[in-house]
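Undergrad: return atomic coordinates for the entry below.
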Amino acid sequence: MKTFIMSLLIMIKKYFNLINNRITKYDKRMRIVVGSLLMVAVMLIATFYFFDKAWIFIPTFLLVTYVVTWFTISEGIRKVEWIMLFIMPLLFTIAIYFFYFLFPVRWLTRFPFVVFYGLSLYAILLSSNIFNVGVKTNLQLYRAAFSVNYFYQIFTIFLIINVILSLQLSFIINGVLVSILSIVMLLHLLWTVKLDLAIEKEIWFYCIVMGLVMGELAILLSFIPMRAAISALLISATYYSLAGLIYSYYNQRYFKEIIREYIFVIIFVILIGFLSLKW
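TA: Numbers count the residues shown, from 1 in each chain. The predicted structure follows:
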């Protein structure tokens, strides 16, 4: 039995390497375009079905998005990169799929929706590819990829939290889901600082603290009469500010101007939130 399993693994590895070698013959930019168009086609098909078919499309999106991401950035993926490079394409796709059903289902919304999704996924895949191919040799390229990735992190968090709060779940479930989401996102953000093949203990500490803070905030907002979109905006802004401060500290770029910027953002959004209270 052991010999059979070893032979099977060797055969799988052989075919995997063969497929990988064939894929790498094609231009990477073209692969990203083809991958994005394929995901647009899958997303467009999903928009023709009601949300009761989510149990079919969610596993489909997870599988297809993972394969497409691997197809576009297949060279040099090692160790923890098999998780980190795939987090944003996966979460963004699932977030967009869930968020679509908060809109009226018609062509007026469907067409701009899938176009936006395609362009956004292209940018995310391009950023993941930059993180994968030794970006330290090109600082400008890395900064562009980081900015795009950070923007879509905040946007993805807003979409997912808006959906969670719109479902009117228990305050405990809200707290747990927001906590897990924050941990995963901050883990990915801090990993992009050094792009190591292993996660440092210091990063895990920051992620757990962030998860606890964000989870408690979500629980608190569950008891405040505030629209789901405003609450999601407040939680997203809090993540933006706290994650930005933690990133700056971890990256040794802890300047007064940066601190003021993040504090201003959170204060401004809190003010908007209180002005929108329903009582």
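Undergrad: angles on the backbone of the residue most central in space within the chain, please.
TA: Residue closest to the mean C-alpha point of the chain, counted by Cα atoms, centre = their mean, is residue 88 at 3.1 Å. Backbone torsions for residue 88, taken as degrees, to the nearest 10, come to phi -70, psi -50.
Undergrad: can you give me the helices for this protein?
TA: Applying DSSP state H to the chain gives helices spanning 2-23, 28-46, 54-72, 81-100, 107-132, 139-166, 171-194, 201-221, 228-250, 256-275.
Undergrad: okay, those in JSON lines with mean pLDDT next?
TA: Below are the helices of the chain laid out as JSON lines (pLDDT from 0 to 100):
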{"stretch": "helix 2-23", "mean pLDDT": "54"}
{"stretch": "helix 28-46", "mean pLDDT": "89"}
{"stretch": "helix 54-72", "mean pLDDT": "88"}
{"stretch": "helix 81-100", "mean pLDDT": "92"}
{"stretch": "helix 107-132", "mean pLDDT": "89"}
{"stretch": "helix 139-166", "mean pLDDT": "91"}
{"stretch": "helix 171-194", "mean pLDDT": "93"}
{"stretch": "helix 201-221", "mean pLDDT": "93"}
{"stretch": "helix 228-250", "mean pLDDT": "90"}
{"stretch": "helix 256-275", "mean pLDDT": "81"}
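Undergrad: how far away is residue 179 from residue 208?
TA: For residue 179, the distance to residue 208 equals 9 Å [Cβ to Cβ, to the nearest Å]. Where you see a C-beta, it was placed from the backbone N, CA and C, and this is true even at glycine.
Undergrad: those two - which one has more neighbours?
TA: For residue 179 and residue 208, the more surrounded residue by other Cβ atoms under 10 Å is residue 179, and the numbers stand at 21 against 15.
Undergrad: so what's that one closest to, chain neighbours aside?
TA: Here the nearest residue to residue 179 in space, its sequence neighbours aside, is residue 215; by Cβ to Cβ, 6 or more residues apart in numbering that works out to 3.2 Å.
Undergrad: what about the residue nearest to the residue nearest to the centre of the chain when sequence neighbours are not counted, distance to residue 178?
TA: For residue 88, ignoring the flanking residues on the chain, the nearest one in space by Cβ to Cβ, 6+ apart is residue 124 at 5.1 Å. According to Cβ to Cβ, residue 124 stands 22 Å off from residue 178.
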